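Engineer: How does the following fold in three dimensions:
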Amino acid sequence: MAAGLGQTHAVCPEPAMDASRIVSAGGSVTEIIYALGAESRLVAVDTTSNFPSSAADLPSVGYVRALSTEGMLSTRPTLILGEDDMGPPEVLSQLSSLGIELAVIPERWHGQGIVEKVRCISSIVGVGQSARDALIEKLQNHMDDLSIQRSRIDKPIRVALLLALRDGVPTAAGSETSGHGVLEMAGLTNVFADFEGWKPIAPEAMITRNPDVIFITERSAKAAGGIEAVIADPIIELTDAGSSGNVFAVDGMALLGFGPRTITTALQISTLAQAND
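Structural biologist: I've put the predicted structure just below:
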């Protein structure tokens, strides 16, 4: 059975037999491969792989959860390396049956989980210890900075993190989401933590929970007409965050991808929230 296929993805797969031609399915995987200096092995990426910008020059194999068999086969990969939600399962099964090695990277929504992801990818693709250790040291320094920033919080800062705002209905991060994980990393209190998953939020719930600060992805803010339009939304403007203008757009992949940038983005939102509480 191909590495990771049909498993719970709780354990890092074994080193690849041949990692000379890699298809990366997942923005954080691509980001880590570049950060490790192994990008010359990439032959294709998925559409969530938007960082660094040079990844856009590679062929696309579709969205991470809706990969194209034909697109991947056309790049003649020796290894398909993906986040734990890559799919669909029937495509992965077909690729495995054709003898293409698959490796699924475990996902844990905390800072140490990002370090573990770096170690895992380094092991699978055979990156040298010096490159791996240099990246981990850099991430650890960022986590130390984040720890210092969190220590400055002397009372709960109530925050909502929105994935979308469509037709006046916000979709917010509940527990068991990458959004909740990054808020915990930042030392912030998720007002929707008693929900599970990404949920549409009714107006009365948003008003009752009344966050002090709201974060929304840049793409969603743009789709809503800009951050000013988000703040002016009838639901948002009735919250303390909306009435005080404490609504901020953040790069969605950097915030939620749980690649190296997520640690510095957690520091960014922690600093913003504390400054505007």
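
Engineer: Assign A221 to helix, strand or coil.
Structural biologist: In three-state terms, and counting by DSSP: H, G, I helix; E, B strand; the rest coil, A221 is helix.

Engineer: contacting residues around it?
Structural biologist: If you count contacts by Cβ atoms under 8 Å, 6 or more residues apart in numbering, A221 has them with 165, 227, 230, 249. No exception for glycine: its C-beta is placed from N, CA and C like everyone else's.

Engineer: I'd like the distance between the second one and A193.
Structural biologist: Taking Cβ to Cβ, to the nearest Å as the measure, I227 falls 24 Å from A193.

Engineer: do T177 as well
Structural biologist: 10 Å.

Engineer: quick one: which of the two has more around it?
Structural biologist: T177 (23 against 16; other Cβ atoms under 10 Å).

Engineer: per-residue pLDDT, A2?
Structural biologist: pLDDT for A2: 38.

Engineer: what are the ranges of the helices in this structure?
Structural biologist: 27-35, 69-73, 89-97, 111-125, 129-151, 178-185, 203-209, 218-223, 227-232, 240-243, 252-256, 261-276 (DSSP state H).

Engineer: sorry, back to before: can you tell me which of the contacts of A221 lies closest to L238?
Structural biologist: Nearest to L238 out of the contacts of A221 is V230 (Cβ to Cβ; 13.1 Å).

Engineer: ok, that closest one touching N246?
Structural biologist: No: shown here, V230 and N246 do not form a contact pair, counting by Cβ atoms under 8 Å, at 11.6 Å.

Engineer: So which of these two has more stuff around it?
Structural biologist: More crowded of V230 and N246, by other Cβ under 10 Å: V230, with 25 against 21.

Engineer: what sits against that one?
Structural biologist: 165, 214, 216, 221, 224, 236, 247, 249.

Engineer: what angle separates the lengthiest strand in the chain from helix 178-185?
Structural biologist: Counting residues, the longest strand found in the chain (DSSP state E) is strand 158-166. Angle of strand 158-166 versus helix 178-185, following axes from the mean of the first three to the mean of the last three Cα atoms, to 10 degrees, is 160 degrees.

Engineer: returning to that earlier point: which residues do V230 and N246 both contact?
Structural biologist: Common contacts of V230 and N246 (Cβ under 8 Å, 6+ apart): I214.

Engineer: count of residues packed around D145?
Structural biologist: 16.

Engineer: ugh, wrong one, I meant T75
Structural biologist: T75, neighbours per other Cβ under 10 Å, totals 17.
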